[in-house]
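Colleague: Need the 3D shape of this:
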Amino acid sequence: MPGLNEATKAIEMSDFETAEKELRILANKNDPEGQWLLGLLYRIGQGVPQDDKLAAEWLSKSAEQGNAKAQHLLGSLYAEGKGVAQDARLALKWLRRAAEQGFAAAQYELGLFHALIDTGDPLEDKLAAEWTRKAAEQGFAKAQYLLGLLYGKGKGVPQDNKLAAEWIRKAAEQGFAKAQYELGLRYKEGTGVEQDFGEAYFWALVARHSGVPSARGLAESL
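Modeller: Now for the predicted structure:
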């Protein structure tokens, strides 16, 4: 689509005013991709004044047409109460719709939501693990880290420190700082991996470089 291609190129060149003009034409023609991107511009305040209410309005139009990216961001707005009244039920509705389309970020957030519900309900733990795994298997680093933690705690999955370390390593190797620090700790303690102070020190340094303040203490303890 010519208009969308031009808008995308304009965004890549940080020419947000041109992007906004092209996207508004598409959005007014009820194009879901144009509506999603115009909503995003309002959300971040590029090419238009920052306006969460208008962002939510355009994202809603796109989400209703099945755009997973719009559904995900709209769910986040409902969760935070930005541009719309805070509503956990609607947040879950839109996150689930995006997740069911295979959108990894939404799958992760849905998994995290269920993981944080600390009611002791096995169903919540199972849902946390199921959604987190879907995102982790797509290579989503945050989900890989969370799945590792779930295996470490035996939450929604059988407790397995070896699998926990494997998933945490996948996230660490993608540069996810929390996973790098956790992997360093596991090497220091020999949890799910063979104890190796050299590896522990390496991952502590990597985590410190990634901005984890406590990684310095880990490195100095080795």
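
Colleague: Go ahead and confirm residue 195 touches residue 185.
Modeller: No: using C-beta atoms under 8 Å as the test, residue 195 is too far from residue 185 to be in contact (11.4 Å). Just so you know, the C-beta spots here come from the backbone N, C-alpha and C atoms, and that holds for glycine as well.

Colleague: Which of those two has more residues huddled nearby?
Modeller: residue 185 (17 against 12; other C-beta atoms under 10 Å).

Colleague: quick one: the closest residue in space to that one that isn't next to it in sequence and residue 23, what's the gap?
Modeller: Nearest residue to residue 185, sequence neighbours excluded (C-beta to C-beta, 6 or more residues apart in numbering): residue 218, at 6.6 Å. Noted for residue 218: a distance of 46 Å to residue 23, by C-beta to C-beta, to the nearest Å.

Colleague: got it, and residue 187?
Modeller: 48 Å.

Colleague: between these two, which one's more packed in?
Modeller: Ranked by neighbour count (other C-beta under 10 Å), residue 187 and residue 23 place residue 23 first, with 31 against 25.

Colleague: how about that one, secondary structure?
Modeller: Here residue 23 is recorded as helix under DSSP: H, G, I helix; E, B strand; the rest coil.

Colleague: Sticking with the residue nearest to it when sequence neighbours are not counted, tell me its helix or strand.
Modeller: Distance criterion C-beta to C-beta, 6+ apart; nearest residue to residue 23, sequence neighbours excluded, is residue 38 at 4.3 Å. For residue 38, the element it lies in under DSSP states H and E is helix 32-44.

Colleague: Can you find the helix or strand in the protein with the smallest mean pLDDT?
Modeller: When the helices and strands of the chain are scored by mean pLDDT, DSSP states H and E, helix 2-12 comes last with a mean of 81.

Colleague: now it and helix 32-44, what's the angle there?
Modeller: Angle between the axes of helix 2-12 and helix 32-44 is 30 degrees (criterion: axes from the mean of the first three to the mean of the last three C-alpha atoms, to 10 degrees).

Colleague: other SSEs contacting helix 2-12?
Modeller: helix 16-28, helix 32-44 (3 or more C-beta pairs under 8 Å, 6 or more residues apart in numbering; DSSP states H and E).

Colleague: Residue 144: how many residues sit nearby?
Modeller: Neighbours of residue 144 using other C-beta under 10 Å come to 27.

Colleague: contact partners of the host helix or strand of it?
Modeller: For residue 144, the element it lies in under DSSP H and E is helix 141-153. The contact list for helix 141-153 (C-beta atoms under 8 Å, 6 or more residues apart in numbering) reads 104, 107-108, 111-112, 115, 125, 128-129, 132-136, 155-161, 163-168, 170-172, 174-176, 178-179, 182, 191-192.

Colleague: Narrow those residues to those in helices?
Modeller: Using DSSP state H, the subset of those located in helices is 104, 107-108, 111-112, 115, 125, 128-129, 132-136, 161, 163-168, 170-172, 178-179, 182.

Colleague: centroid residue for this protein?
Modeller: residue 105 (4.0 Å; C-alpha atoms, centre = their mean).
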